[in-house]
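Colleague: sequence unknown, structure follows:
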């Protein structure tokens, strides 16, 4: 039926959590472990948010020291840390997680104080980059304040500002976005 939604427990169970807790089964007649019930409740919450239009639709990312290590304008494409070593590997793992989020339907946007040409070159040409320029729905790389760039990105995608999650390593930039665009997460 069109009104029926199925939540598959197999991916949850594949994470290694225990399906049953024999003590709870005997004492409380609870057939599923607390861990399975918590994971199920989390999945149900995601489903309800998505079905009611409350899911976030855009992940807007700063680039320097957020998506890669270093400052592109100072270090150049060859000098940014994307993989190799603990720090570079951490950025690479983060990029793979972002790519997975994108594969689940979340739009990616880059909002960075950088030169657009340098950003495109880094995303397109760096051999270790997990994310490419084509993974981003919008790239706003310029020297304008980030709240204005973020608002312009959202307008161009025809979405509400409340559909955005913003990630930036700089607390001042996060505070400015929070002050001027309080609907952004």
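Modeller: Yes, it's here. Bear in mind the structure is a predicted one, so any value in this text is a computation, not a measurement.
Colleague: Packing partners of the helix or strand encompassing residue 40?
Modeller: Assessed by DSSP states H and E, residue 40 sits inside helix 34-51. Where contact means 3 or more CB pairs under 8 Å, 6 or more residues apart in numbering; DSSP states H and E, helix 34-51 is packed against helix 10-13. Where you see a C-beta, it was placed from the backbone N, CA and C, and this is true even at glycine.
Colleague: Need the contact partners of the helix it packs on.
Modeller: Residues outside helix 10-13 that contact it (CB atoms under 8 Å, 6 or more residues apart in numbering) are 19, 36, 39, 40, 43.
Colleague: Now with 10 Å, please.
Modeller: Applying CB atoms under 10 Å, 6 or more residues apart in numbering, the contact partners of helix 10-13 are 19, 35, 36, 38, 39, 40, 42, 43.
Colleague: neighbouring contacts of the helix holding residue 40?
Modeller: So helix 34-51 is in contact with 5-9, 11-13, 15-21, 24, 30-33, 54-56, 105, going by CB under 10 Å, 6+ apart.
Colleague: In the protein, which strand is the longest?
Modeller: strand 107-113 (DSSP state E).
Colleague: sorry, back to before: any of the contacts of helix 34-51 buried? List them.
Modeller: Among those, those classed as buried by 16 or more other CB atoms under 10 Å are 12, 21, 32, 33, 56.
Colleague: ok now do the third one, which residues does it touch?
Modeller: Pointing back at residue 32 there. Residue 32 makes contacts with 9, 18, 19, 20, 21, 24, 25, 38, 39, 40, as judged by CB under 10 Å, 6+ apart.
Colleague: what do you get for the second one?
Modeller: The neighbourhood of residue 21, defined by CB under 10 Å, 6+ apart, consists of 27, 28, 30, 31, 32, 33, 34, 35, 36, 37.
Colleague: if we can go back for a sec, may I see the contacts of helix 10-13 organised as a markdown table, with distance to residue 158 and pLDDT added?
Modeller: Shown next, in a markdown table, are those (distance: CB to CB, whole Å; pLDDT from 0 to 100):
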| residue | distance to residue 158 | pLDDT |
| --- | --- | --- |
| 19 | 43 | 78 |
| 35 | 40 | 81 |
| 36 | 39 | 79 |
| 38 | 36 | 83 |
| 39 | 34 | 80 |
| 40 | 34 | 80 |
| 42 | 30 | 79 |
| 43 | 29 | 78 |
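Colleague: Of all pairs in those residues, which one is the farthest apart?
Modeller: Largest separation among the contacts of helix 10-13 by CB to CB: 19 and 42, giving 16.1 Å.
Colleague: What about the closest residue in space to residue 68 that isn't next to it in sequence, how many residues nearby?
Modeller: Excluding the flanking residues, the one nearest residue 68 by CB to CB, 6 or more residues apart in numbering is residue 80, at 4.5 Å. Residues near residue 80, counting by other CB atoms under 10 Å, number 23.
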